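Trainee: Need coordinates for the following:
(one chain, ligands or ions: 1)
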Amino acid sequence: MVYDDNNIFARILRGEIPCKKAYEDDFALAFHDIRPAAPVHVLVIPKGPYVSLEDLCANASPAFVGGFFKAVAATARQLGVLESGYRILANNGADAHQEVMHFHVHIFAGRPLGPMLKSPG
Ligand code: 5GP
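Mentor: Numbering: from 1, shown residues only. A predicted model of the protein is given here:
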């Protein structure tokens, strides 16, 4: 899939749409989800035009991929959820119901999160 420069997260990265920032470094921007599914629900997005995990890992340098995942960990640290625990999740493609075609990692925390999937497959 070709990256669309006008997807909502690209526009947030360019500062065209506001966000409630949780963390930022050279590799990633993290901000609170507009429709939180948990008391803490933050999205971490790479600062580059990657649609999916496959796109990121095939086309970004190992240093960038590493920097991005370190930023996910730094965001969780910044949110103060290391002790209580948290869940990370990344939807990729149609079956996962990926809505925004800019790769992102969700961080959920702030209450016991229950089983991993809503219903058995
Ligand atoms: P996906 O289903 O693609 O993994 O998740 C996309 C997430 O982006 C959803 O949880 C949705 O609430 C969030 N989202 C969509 N548009 C915006 C926006 O404009 N601002 C913020 N902060 N979150 C958004």
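
Trainee: only C-alpha atoms for contact and neighbour calcs from this point on.
Mentor: OK.

Trainee: residues near Thr75, how many?
Mentor: 24 (other Cα atoms under 10 Å).

Trainee: Ramachandran angles for it?
Mentor: phi -60, psi -50 (degrees, to the nearest 10).

Trainee: those strands in the protein, which residues are they?
Mentor: 21-24, 28-32, 40-46, 86-89, 105-109 (DSSP state E).

Trainee: Out of those, flag the one nearest the ligand.
Mentor: Comparison of these against the ligand by Cα to the nearest ligand atom identifies strand 28-32 as nearest, at 5.3 Å.

Trainee: I'd like the strands of the chain written out as CSV, with mean pLDDT, distance to Ser52 and mean neighbour count added.
Mentor: Output for these, formatted as CSV (pLDDT from 0 to 100; distance: least, Cα to Cα, whole Å; neighbours: other Cα atoms under 10 Å):
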stretch, mean pLDDT, distance to Ser52, mean neighbour count
strand 21-24, 98, 20, 17
strand 28-32, 98, 15, 22
strand 40-46, 98, 10, 25
strand 86-89, 98, 12, 15
strand 105-109, 98, 10, 22
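
Trainee: outside of stretch 38-47, which residues touch it?
Mentor: Outside stretch 38-47, the residues within contact range by Cα atoms under 8 Å, 6 or more residues apart in numbering are 9, 13, 22, 26-33, 68, 71-72, 75, 102-111, 113.

Trainee: chain center to that stretch, what's the gap?
Mentor: 5 Å (Cα atoms, centre = their mean, to the nearest Å).

Trainee: Could you do stretch 1-16 as well?
Mentor: Going by Cα atoms, centre = their mean, where stretch 1-16 is centred and where its chain is centred differ by 14 Å.

Trainee: Show me which residues of the protein sit near the ligand.
Mentor: Ile8, Cys19, His32, Asp33, Ile34, Arg35, Asn91, His97, Gln98, Glu99, Val100 (Cα under 6 Å from any ligand atom).

Trainee: Produce a ChimeraX select command limited to the buried residues of these.
Mentor: The ChimeraX command for the buried members of the residues of the chain next to the ligand (criterion: 16 or more other Cα atoms under 10 Å) is given here:
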select :32,33,91,98,100
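
Trainee: In helices, which of the residues of the chain next to the ligand appear?
Mentor: Among the residues of the chain next to the ligand, the ones falling in helices (DSSP state H) are Ile8.

Trainee: I am finished for the moment; much appreciated.
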